[in-house]
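>>> this one's structure only:
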């Protein structure tokens, strides 16, 4: 024992052995602790690597399956979304706390009734569903990241910013049918650029006047001596043929009978035999010939208007001037036939009453 009462290994017969044992135990503990710490560090590193791989796998699925409606950046600023009611979810505005992971997995797996969100169980297995949901939650809802940029140098778009004058039309900030006089010189150049280059992918952008949802349109001018009044089944004109069959009307006056012959021989080529302008030629032309059966239009015009249009033509359209071809009597006969066959044409005095 030492004077202080402690063990003094210098005076213990087994002191050297005990010191070595304690030293060895200490070194072993240090090594074990070091190994544990190192394994934890490596484990965390491998976990980070694994998370990164999973994230990129989720990105690949999203960019193939989801971008068309939800957009590359998850903000649902897509052409598809402009047609959908309700629109696809904007993940950039969604918060992690407001939309659970399990709810998202259920939606991707089962779809949502009454929306454009269909079930992806036919295309994705359970693991893939989790991958894309986890990607969306981290990339858009947590990090508010932009994901994939399409217009990059690697994709053939070096210095895409040089086209920025067209950007407002692609994003919908400016309508593509905006009157030219309402646009600045730069905006007019941007609109021309958008309409000639960007619209093939960005499609319509935004318009003020939606127009007709669907319009029958001929894609080529008839060739090879095609007869617009006879369907041959080869030129694919059959969808227009019904408009090239004149309606048989009995008890026509002498003037109406003469007008019928003149109309069918001259006017029907563009306006169609039934006056609708929906035959092949009429559907091909810009602007389309006037539909003479359209009640809204025909009720708003009178004989004076039609007389002037036939004789002098209409500037900016395919309607030519007939005053050097038809006599005054023939013009009146055509109007008489139009009034009998398609829609009543009133005199100027009647239209002002």
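In hand now; what should we look at? Quick caveat: nothing in here was measured; it's all calculated off a predicted structure. Residues are numbered from 1 along each chain as shown.
>>> Contacts for stretch 163-176 next, please.
77, 183, 186-187, 189-191, 193-195, 197-199, 202, 204-208 (Cβ atoms under 8 Å, 6 or more residues apart in numbering). Just so you know, the C-beta spots here come from the backbone N, C-alpha and C atoms, and that holds for glycine as well.
>>> hmm, try it at 10 Å
If you take Cβ atoms under 10 Å, 6 or more residues apart in numbering as the criterion, stretch 163-176 is touched by 77, 79, 82, 151, 157, 160-161, 178, 182-199, 201-209.
>>> Make a PyMOL selection of the buried ones in these.
Restricted to buried positions by 16 or more other Cβ atoms under 10 Å, the PyMOL selection for those reads:
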select buried, resi 77+178+183+187+190+191+193+194+198+199+202+205+206
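>>> Give me the subset of the contacts of stretch 163-176 lying in strands.
Among the contacts of stretch 163-176, no member is found in strands (DSSP state E).
>>> Inside helices: which ones of the contacts of stretch 163-176?
Among these, the subset assigned to helices under DSSP state H consists of 79, 82, 185-193, 199, 201-202.
>>> which outside residues touch stretch 316-326?
Contact with stretch 316-326 is made by 262, 266-267, 270-271, 281-282, 284-290, 308-315, 330-334, as judged by Cβ under 10 Å, 6+ apart.
>>> Quick one: mean pLDDT for it?
The pLDDT scores in stretch 316-326 average 91.
>>> Any idea how far apart the tips of that stretch sit?
End-to-end span of stretch 316-326 (Cα to Cα, to the nearest Å): 21 Å.
>>> Over to stretch 174-194?
One end of stretch 174-194 to the other measures 11 Å (Cα to Cα).
>>> so for that stretch, what's the average pLDDT?
92.
>>> likewise stretch 288-301?
Across stretch 288-301, pLDDT averages out at 93.
>>> One more: stretch 247-254?
For stretch 247-254, the per-residue pLDDT averages 91.
>>> Tell me the confidence at the most centrally placed residue in the chain?
Centroid-nearest residue in the chain: residue 79, 2.6 Å away (criterion: Cα atoms, centre = their mean). pLDDT, residue 79: 76.
>>> so it touches residue 205, yeah?
Yes - assessed by Cβ atoms under 10 Å, residue 79 is found in contact with residue 205 at 8.7 Å.
>>> Point me to the helix or strand that includes the nearest residue to residue 341 once chain neighbours are set aside.
Leaving aside its sequence neighbours, residue 341 sits nearest to residue 249 (Cβ to Cβ, 6 or more residues apart in numbering; 5.8 Å). Taking DSSP states H and E as the definition, residue 249 sits outside all helices and strands.
>>> Contacts only, for residue 249.
Contacts for residue 249 were tallied using Cβ under 10 Å, 6+ apart; they are 256, 257, 260, 337, 340, 341.
>>> Just those residues: which are in helices?
Per DSSP H, helices hold the following members of the contacts of residue 249: 256, 257, 260, 337, 340, 341.
>>> any idea which of those is closest to residue 104?
Residue 104 lies nearest to residue 341 out of the ones in helices among the contacts of residue 249, by Cβ to Cβ, at 62.0 Å.
>>> Counting neighbours, what do you get for the closest one?
Neighbour count of residue 341, defined by other Cβ atoms under 10 Å: 20.
>>> My read is that it contacts residue 253, right?
No - assessed by Cβ under 10 Å, residue 341 is found out of contact with residue 253, at 12.0 Å.
>>> residues shared between the contacts of the two?
Jointly contacting residue 341 and residue 253 under the rule Cβ under 10 Å, 6+ apart are residue 259.
>>> Out of the ones in helices among the contacts of residue 249, grab the one that's most surrounded.
Neighbour counts for those (other Cβ under 10 Å) peak at residue 337, which has 26 neighbours.
>>> May I have the residues that are in contact with it?
Neighbouring residues of residue 337 by Cβ under 10 Å, 6+ apart: 249, 252-253, 255-264, 267, 275, 345.
>>> Quick check: PyMOL command selecting the buried ones in those.
Restricted to buried positions by 16+ other Cβ under 10 Å, the PyMOL selection for the contacts of residue 337 reads:
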select buried, resi 255+256+257+258+259+260+262+263+267+275+345
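>>> Phi first, then psi, for residue 95.
When read as degrees, to the nearest 10, the backbone of residue 95 gives phi -110, psi 150.
>>> which stretches of the stretch 1-150 of the chain have low pLDDT?
Applying pLDDT under 70 to the stretch 1-150 of the chain flags the ranges 1-49.
>>> Please tell me how far residue 279 sits from residue 270.
For residue 279, the distance to residue 270 (Cβ to Cβ, to the nearest Å) stands at 8 Å.
>>> Which one of those two is surrounded by more residues?
Using other Cβ under 10 Å as the criterion, residue 279 and residue 270 rank with residue 279 on top: 28 against 19.
>>> what about the residue nearest to that one when sequence neighbours are not counted, how many neighbours?
Distances taken as Cβ to Cβ, 6+ apart place residue 272 nearest to residue 279, at 3.8 Å, with adjacent residues excluded. Residue 272 has 27 neighbouring residues, counting by other Cβ under 10 Å.
>>> ok, residue 272 - contacts?
Going by Cβ under 10 Å, 6+ apart, residue 272 touches 228, 240, 242-246, 278-283, 289, 291-293.
>>> please redo it, this time with the cut-off set to 6 Å
243, 278, 279, 282 (Cβ atoms under 6 Å, 6 or more residues apart in numbering).
>>> Which member of the contacts of residue 249 is positioned nearest residue 70?
Using Cβ to Cβ, those come closest to residue 70 at residue 341, 53.4 Å.
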